[in-house]
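Participant: Here is the input, now give the coordinates:
(one chain, ligands or ions: 1)
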Amino acid sequence: MADESVIDDEKADEGRRHFLALATGVVGAVGVAAVATPFVSYFRPSARAKALGAAVEVDISKLEPGAMISVEWRGKPIFIVNRTEEAIEQLQAVEDQLADPESEKEQQPDFAANRYRSLRPGVFVAIGSCTHLGCAPKYRPEVAPADLGPDWAGGFFCPCHGSKFDLAGRVYAGVPANLNLAVPPYRFLSDTTLIIGENTEAA
Ligand code: FES
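Facilitator: Numbers count the residues shown, from 1 in each chain. Okay, the predicted model is just below:
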């Protein structure tokens, strides 16, 4: 059954309704509403572009610090996170617990083979599909929530078999998944607009 609060939001904000309609499956699956995502972005692929799996343009101007949105590209959920300064600092602190902290297993374009796994430290983009068996990981940016324990530093948690990823999508050692979340090709059209599906190096 649909969440009544979401329905209320839909009535209040037609742009938001449009996004949710496009991303219902993904957003519902990852429980975005439960992890403080107060704004969603206007997502603008043309119908033809979607059909062809072409690049999609995403306006992230209303994506608040700490929030995540999910959009669709080539039938895949694409997570976009506005990382806070605290989240960026946390990336280094967990590296000794990760399976591939240096991103050596080519799960990203060359431009994202860095600690942030992104073009810009503040914006993280990844394919929202667990590298174990493809479930949708949940975005859990909070530190030490009761259900994930005192060592949880924020990241992505896969509810299917318990794989854990940090806030750069880097997989923790000793979980079912053994690869980092994949990063799609993307580039910045402006400071607040992303093109998902076009590689920066090719632009
Ligand atoms: S599919 Fe994510 S842990 Fe198995």
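
Participant: Going by C-alpha atoms from here, please, whenever you check contacts or count neighbours.
Facilitator: OK.

Participant: Skipping its backbone neighbours, what lies nearest Pro109 in space?
Facilitator: Closest residue to Pro109 apart from its sequence neighbours, by C-alpha to C-alpha, 6 or more residues apart in numbering: Pro185 at 6.3 Å.

Participant: Arg74 now?
Facilitator: In space, Arg74 is closest to Gly53, 4.4 Å off (C-alpha to C-alpha, 6+ apart).

Participant: The residue minimising distance to the centre of the chain bridge partners, please.
Facilitator: Nearest to the geometric centre of the chain sits Phe79, at 2.3 Å (C-alpha atoms, centre = their mean). Taking DSSP bridges as the rule, Phe79 bridges to Ser70, Ala126.

Participant: what residues does the protein put near the ligand?
Facilitator: Cys130, His132, Leu133, Gly134, Cys135, Cys158, Cys160, His161, Gly162, Ser163, Pro176, Ala177 (C-alpha under 6 Å from any ligand atom).

Participant: Now list the buried members of the residues you listed.
Facilitator: Cys130, His132, Cys135, Cys158, Ser163, Pro176, Ala177 (16 or more other C-alpha atoms under 10 Å).

Participant: Reformat those residues as TSV; add secondary structure and distance to Leu63.
Facilitator: Formatted as TSV, these follow (DSSP: H, G, I helix; E, B strand; the rest coil; distance: C-alpha to C-alpha, whole Å):
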residue	secondary structure	distance to Leu63
Cys130	coil	23
His132	coil	29
Cys135	coil	24
Cys158	coil	23
Ser163	coil	26
Pro176	coil	31
Ala177	coil	29
